[in-house]
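Chemist: sequence first, then the predicted structure:
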Amino acid sequence: MRVVLAEDSVLLREGLVWVLGAAGIKVVASVGDADGLLRAVDEHRPDLVITDVRMPPGHSDEGLRAALVLRRQYPGLPIVVLSQYVEERYATQLLSNETSGIGYLLKDRVADVAEFVDAVRRVAAGGTALDPEVVAQLLIRRHSDPLDRLTRREYEVLALIAEGRSNLGIAEALSISESAVGKHINNIFAKLGLANSESDHRRVLAVLRFLKIS
C-alpha cells in the first residue's frame, strides 16, 4: 500500500511514517500543509491519503478542504482524516456524500498502533473507520436540537445577534471583550453546522435557526 501523509506536527508526522512503515505500509510522501498534500497526491497517485484537519497557513480546516477536493478529483480515493477533537461539522462534511473509503479518527487513537493500522487497512479496502467518539457526537446531533448544544453565554450572544447588535454592541451588553464575542460567535456557527460560505450570511442563518424559521 502506498500512502501520502499530511500532518504539520513534525514529531507526529515522523512517528506516523515509522508506524506505517513497520506495518509494511509505504509512505511515498509526507508533507506539512494542504498545498503540499494536493501536489503530492497528483504526483504519486497513492492508494490512500492520511491528513490532519487543521494545517497551515490558517490552522482551521485546510486539511479537510484538501481532502474534499481530492475526493472530487479522484473519486473513491481512500482518505483517513485525523483530528485533535471531535469536530462534528467537519465529520458531517466528509461523510455527507460517499462514505466508502473514509476514516475520521481522533489523534489519541494513533497511540493504539494495532487499532490505527487496522483502521488504515480497512479504509484502503473501501471500508469506513469512524472514531467511537465521532459516532457518538453525530448520533447526539441527529437526535437533538442544535440550539441545545449552545452554552448559556453562546445563547445570550445569539439572542443579541437576533436583535441586530454588532460585535461591539454585544460586548458592551454582556460586559465582555469583542474578541470573546468573536470566539462565541465562531462556536455558535460550528455548533449550528454553518460552514463559511461566500454565498450565505452565517449571522442571518444563525438567527433563522434561533427563531426556528430554518
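Modeler: Here it is on my side, so go on. Numbers count the residues shown, from 1 in each chain.
Chemist: pull the helix or strand with minimum mean pLDDT from this structure.
Modeler: helix 132-142 (a mean of 58; mean pLDDT, DSSP states H and E).
Chemist: what's near enough to touch residue 182?
Modeler: residue 167 (C-beta atoms under 8 Å, 6 or more residues apart in numbering). C-beta coordinates here come from the backbone N, C-alpha and C atoms, glycine included.
Chemist: check which helix or strand it maps to.
Modeler: helix 178-191 (DSSP states H and E).
Chemist: what packs against the helix or strand following that helix?
Modeler: Moving toward the C-terminus from helix 178-191, the next helix or strand (DSSP H and E) is helix 202-210. With contacts defined as 3 or more C-beta pairs under 8 Å, 6 or more residues apart in numbering; DSSP states H and E, helix 202-210 has these neighbours: helix 152-162, helix 178-191.
Chemist: count of residues packed around residue 81?
Modeler: Close neighbours of residue 81, defined as other C-beta atoms under 10 Å, add up to 24.
Chemist: can you tell me the SS state at it?
Modeler: strand (DSSP: H, G, I helix; E, B strand; the rest coil).
Chemist: nearest spatial neighbour of it, chain-adjacent residues omitted?
Modeler: Nearest residue to residue 81, sequence neighbours excluded (C-beta to C-beta, 6 or more residues apart in numbering): residue 104, at 5.0 Å.
Chemist: what is that neighbour paired to in the beta sheet?
Modeler: residue 81, residue 130 (DSSP bridges).
Chemist: next one, pLDDT for it please.
Modeler: As predicted, residue 104 sits at a pLDDT of 85.
Chemist: how near is it to residue 83?
Modeler: Separation of residue 104 from residue 83 (C-beta to C-beta, to the nearest Å): 7 Å.
Chemist: which one of these two is surrounded by more residues?
Modeler: Neighbour totals were compared for residue 104 and residue 83, and residue 104 leads with 29 against 19 (other C-beta under 10 Å).
Chemist: ok, that one touching residue 131?
Modeler: Yes - under the criterion of C-beta atoms under 8 Å, residue 104 makes contact with residue 131 at 6.2 Å.
Chemist: what is the neighbour count of residue 211?
Modeler: Neighbours of residue 211 under the rule other C-beta under 10 Å: 9.
Chemist: pLDDT score for it?
Modeler: 72.
Chemist: same check, this time on residue 168
Modeler: 94.
Chemist: what of the one 4 residues further on?
Modeler: Note for residue 172: predicted pLDDT of 93.
Chemist: tell me which element it falls in.
Modeler: helix 167-174.
Chemist: also residue 14?
Modeler: Assigned by DSSP H and E, residue 14 belongs to helix 10-22.
Chemist: Three-state assignment for residue 49, please.
Modeler: Relying on three-state DSSP, one would call residue 49 strand.
Chemist: how many neighbours does it have?
Modeler: Neighbours of residue 49 under the rule other C-beta under 10 Å: 27.
Chemist: so where is this protein shaky, pLDDT-wise?
Modeler: 85-99, 134-145, 197-200, 212-214 (pLDDT under 70).
Chemist: could you redo the last one with a cut-off of 80?
Modeler: 58-60, 85-100, 109, 130-148, 163, 195-200, 209-214 (pLDDT under 80).
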